[in-house]
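Trainee: Need coordinates for the below:
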Amino acid sequence: MINKPNFLVIFSVILLLVMGSSAQNSNVVRATTVYNENANVGYGERRVTGATVRGRLVYEDTGRPIRYVLISLKKISEENTNYDFSSEFVKTSENGEFIIRNVEAGSYLPIIKLNGILNPTNIINPYRLDKKTRELDALFEKIEITGLGEFNVFIRAKRGGSITGRITFPDGEVAVGLKVEALRKEGNDFVSTGNYDSNFNVGAVETDDRGFYRFSGLPEGKYIVRVTEPVSHREHQTYLNEAMRENSSTVLKTYFPEGEKLDKAKELDLLFGQEQIEINILLPERKLFRVSGKIIAKSTKQPLKDFSLSFLVMDQPDTLGSLATIGDSGYLQSDNLGNWTIRSLPKGKYLVTITQGSVYRDPKSTEKVIIYADTNKEIEITDTDILDKVFEIPLESNITGTYTTEDGKSVPSDFRFGVMSKDGRAFGLSDYRDETKVDSNKPKDFFIDKLIAGQYRIFSESQDYFITSIKIDGQNTLNSFFKLEEEQELKNVQIVLSNKMGVLKGKVDGYSPTTNGNANNLALDLVMVTKSDFSFEDLDFNSQRIGYIDTDGSFEVKAPSGEYCVIVCLAKSSPKSIEETKEWLKKLMKDSPKVKIKVGEIANMNLPLPAN
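Mentor: Model (predicted):
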């Protein structure tokens, strides 16, 4: 199966730090304990299994009660830094008072359902606290429940910042029902604000019937404002619920004040309680185009129906450096005559991925199932529609074989192989295997299908294993490409794996989550040195290792024995196309430090923070 290029997969997690000093210094609400000898006696139809929290909710700046609003206490788990959503919401009284019963011992943060009030959910994903601990400690008062009984708390709610404005079309008509987003700056990136729970989403709104929008409850920081035009790229009719899910285009975006590109966006400084007004956006005059064509079989020239198309916009990176895609939901398909149409596309370069619909392979049937390869095609829209574009789809090629390990031990069930073509435009992965149907003492089967003809290398997708031998027709092709013909089934490929590696440990000097953004903004890439005049075609994914940089800048990555170039890069600066990748890697490898890795040994290295 051919996937769109994804050059960096970056992830890191930091455990929650629980502050333990006085309420004045640690920003912890120390609840006053009132002993209750009947704490374990049931009330109503419920049995009391936890503490009773009696509290009062007021505005921090005025001290006045916040009346008739929903409030809940969300538990912070020290083990996985998750919010516990088991507690219920209650409504405050006319004096801002509330009672929450059956509260387990632990640390809590108050969650308040009121527009304009700052919540932890406005800053972070409510399901994961991750690296936001310090910001949470500075902004919110923790509530510590230490056992049974009653606890009295006094909660001072902070007002967030707000941004208001109006959206208009080029002809002066107000824009109604358009999605507007407030994106907060974190390091060098802009990310959604509170866009994780629809009940507490403060970072995405729609314009009203007069074209106005308003964000409130925003945390302090730097923001950009983006509006998305809700055009449809399909031409055929559809049911209402399906049409409503297709609520906006991923490509027609405008940034305040009126730019279509992220680098033209104006940053807004926002303080707590401050309102930025008249952040108005005039949508640009756009010329949109229609693209249509036919999908046919390369071998028979017959039309192919129910093939899905997706359009990857190659020259419009989003706020996090990703690329916008149209058609991923599967709604863009060829009809019975192989015809397809997409409308309302801006000019630019697109990578079109064409995929056959689901095909059932009956293992008991002797009838040949016709499978077509996943195919990538490039098009460029300049200043006119593109009509009658014909895409010829070849029959699939596939690879089958077995694999084992040097020591005969079994690998995890989620282990997979990948293949990459020499030009980087074709990519495939093996299926996960079913552990219930294999003998752990015998070589395991693998199968990679829907490939196009070309020259390929096989690599281990797992960072815990690398390939030591690939035998095709008795020849070891580990360090070379092998040729795959159209409609060929390459059989009996024999692969040997190993997990015997050395370790590189170190730290990226000067890295800080508060100044450089999330740790997942950085990646560590080890590329084995094969020769001084390195080119993209020399890149063997089997000898490339990806490391993850923690929030303190430290890293640890395993690699087979050999000499490596060590590359640290920002996710946003990673390449967006094959052509960019070739020059990008060549330049980085030329300037990067080198390290030698040996099996069973630890190498240490400190690295400078990249400028871009």
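Trainee: Trp255 and Asp208, how far apart?
Mentor: Not Trp; residue 255 is Tyr. Distance from Tyr255 to Asp208, counting by Cβ to Cβ, to the nearest Å: 21 Å. For glycine as for every other residue, the C-beta is placed from the backbone atoms N, C-alpha and C.
Trainee: Who has more neighbours out of those two?
Mentor: Counted by other Cβ atoms under 10 Å, Tyr255 and Asp208 do not tie: Tyr255 has more neighbours, with 22 against 13.
Trainee: Which strand residues bridge that one?
Mentor: Beta-bridge pairing for Tyr255 (DSSP bridges): Arg226, Gly259.
Trainee: and the gap between it and Tyr223?
Mentor: 11 Å.
Trainee: what's the answer for Leu304, then?
Mentor: 47 Å.
Trainee: can you check Pro560 too?
Mentor: Look at Pro560 and Tyr223: by Cβ to Cβ, they are 45 Å apart.
Trainee: okay, the two: which has more neighbours?
Mentor: Tyr223 (28 against 22).
Trainee: What count of nearby residues applies to the residue nearest to the more buried one when sequence neighbours are not counted?
Mentor: Of all residues not flanking Tyr223 in the chain, Leu268 sits nearest, at 4.7 Å (Cβ to Cβ, 6 or more residues apart in numbering). A count of neighbours around Leu268, defined by other Cβ under 10 Å, yields 19.
Trainee: Identify the residues contacting Leu268.
Mentor: Neighbouring residues of Leu268 by Cβ atoms under 8 Å, 6 or more residues apart in numbering: 163, 222-225, 256, 276, 279.
Trainee: likewise Arg64?
Mentor: Residues near Arg64 by Cβ under 8 Å, 6+ apart: 58, 96.
Trainee: now with 7 Å?
Mentor: Val58 (Cβ atoms under 7 Å, 6 or more residues apart in numbering).
Trainee: Against Thr193, how distant is it?
Mentor: Computed as Cβ to Cβ, the Arg64 to Thr193 distance reads 27 Å.
Trainee: Might one say that Ala51 is in contact with Thr146?
Mentor: No - with contacts counted by Cβ atoms under 7 Å, Ala51 stays clear of Thr146, the gap being 8.4 Å.
Trainee: Strands - which of the contacts of Leu268 land there?
Mentor: When DSSP state E is applied, the contacts of Leu268 are split such that 163, 222-225, 276 fall in strands.
Trainee: Which residue, other than its chain neighbours, is closest to Gly161?
Mentor: Per Cβ to Cβ, 6+ apart, closest to Gly161 is Leu270, 4.0 Å.
Trainee: Residues in a beta bridge with the one you found, which ones?
Mentor: Counting by DSSP bridges, Leu270 is bridged to Gly221.
Trainee: Settle this for me: it is touching Ile277, isn't it.
Mentor: No - Leu270 lies out of contact with Ile277 (Cβ under 7 Å); the separation is 11.7 Å.
Trainee: neighbour count winner among those two?
Mentor: Neighbour count, other Cβ under 10 Å: between Leu270 and Ile277, Leu270 has more, with 22 against 11.
Trainee: ok, the more buried one - contacts?
Mentor: Neighbouring residues of Leu270 by Cβ under 7 Å, 6+ apart: 161, 163, 218, 220-221, 223, 276.
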